[in-house]
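Undergrad: Okay, here's the prediction I keep looking at, along with the sequence it came from:
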Amino acid sequence: MSAWKELTTLEQWQQVLDHSAEKPAVVLKHSTTCPVSASALDEYEEYLAGKPNGDVDYYLVKVIESRPVSNQIADDLQIKHASPQILYFKNKESIWNSSHWSVTTKHITAVLD
């Protein structure tokens, strides 16, 4: 089973962004106080518990606790912030993103697999 790694610092985010030139990545922006976000996290973890794309690195950012990281992701990928929000990117550019109730295992699978 693949698991996500939490990003809590701007330095970690910069490393992930830079590394996306070699390996694509997915970040779930998650609010620990929002029931919609809790559902999105369940969907993300369900995808990862199955047969996730092994050519992708997986991350999570808690938008309240790590607001500077969340804001930097929005700036760097030029995507308006939402929560929950899932972002798939490579070569430091967004490939796909979705938010709120559209963050589902089925949708993630369709895009990544």
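TA: Received, thanks.
Undergrad: Centre-most residue in the chain?
TA: With distances taken as C-alpha atoms, centre = their mean, V27 lies nearest the centre of the chain, 1.4 Å away.
Undergrad: Who's the closest spatial neighbour of that one, skipping the chain neighbours?
TA: Y59 (4.6 Å; C-beta to C-beta, 6 or more residues apart in numbering). (C-beta placed from N, C-alpha, C; glycine too.)
Undergrad: The one you found contacts A3, doesn't it?
TA: No: at 10.2 Å, Y59 does not count as touching A3 under the criterion of C-beta atoms under 8 Å.
Undergrad: Those two: who's more crowded?
TA: Neighbour count, other C-beta atoms under 10 Å: between Y59 and A3, Y59 has more, with 19 against 10.
Undergrad: Just to be sure, the more buried one is in a strand?
TA: Yes: per DSSP: H, G, I helix; E, B strand; the rest coil, Y59 lies within a strand segment.
Undergrad: Contacts only, for it.
TA: Counting by C-beta atoms under 8 Å, 6 or more residues apart in numbering, Y59 touches W4, K5, E6, L7, V16, A25, V26, V27, L28.
Undergrad: roughly how far is the longest helix along the chain from the heart of the chain?
TA: When the chain is parsed with DSSP state H, its longest helix is helix 35-49. In terms of C-alpha atoms, centre = their mean, to the nearest Å, the centre of helix 35-49 is found 11 Å from the chain centre.
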